[in-house]
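1. Based on what follows, work out the 3D shape:
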Amino acid sequence: MANPWTGEVALTIDGEQRVLKLTLGALAELERELGTGTLVELVQRFEGGAYSSGDVLALIVAGLRGGGANVTRADLLSAEIEGGPMHGACAAAELLARAFMVPGQA
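-> Here you go, the predicted model:
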C-alpha cells in the first residue's frame, strides 16, 4: 500500500502492485538518465503535456528504484502496466508532483 504523504505512488506492473517513490538518489539518476538541465524542465514538460513515453518510463524506473526495487529500463520494456500507457503516464506525473509537494499542500 502506497503512502501519498511520504511521496509514494502505487502502480500495478505485470499483475503485481508496486510502490514507487522518488528519493534523492532516484531523482539524481533520473536527471542523468533524461539528460535535462534540471528536473524543473521535466516538471514543466509534464505540466504542459509535452512529455514523452521515454520520460514516463524513466520516471517509473526511478520510482521503482526509489521504492527499493532493483530494476532497469530494459526490465520494463515489455512490462504490462495495468490501465495501459495513459495510466502509467498519470502515475508518473503523480510521482513527480508528490516528490516536489511541500508538506501540508493538497
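2. Are we agreed that residue 12 is in a strand?
-> Yes. Counting by DSSP: H, G, I helix; E, B strand; the rest coil, residue 12 falls inside a strand.
3. Output the contacting helices and strands for the lengthiest helix in the chain.
-> In the chain, assigned by DSSP state H, the helix with the most residues is helix 84-99. Here helix 84-99 touches strand 9-13, helix 39-48, helix 53-66, going by 3 or more Cβ pairs under 8 Å, 6 or more residues apart in numbering; DSSP states H and E. From N, CA and C alone the C-beta is placed, and that goes for glycine too.
4. Give me the contact list for that helix.
-> Applying Cβ atoms under 8 Å, 6 or more residues apart in numbering, the contact partners of helix 84-99 are 4, 7-11, 20-22, 27, 42-43, 46, 51, 53, 55-56, 59-60, 63, 81.
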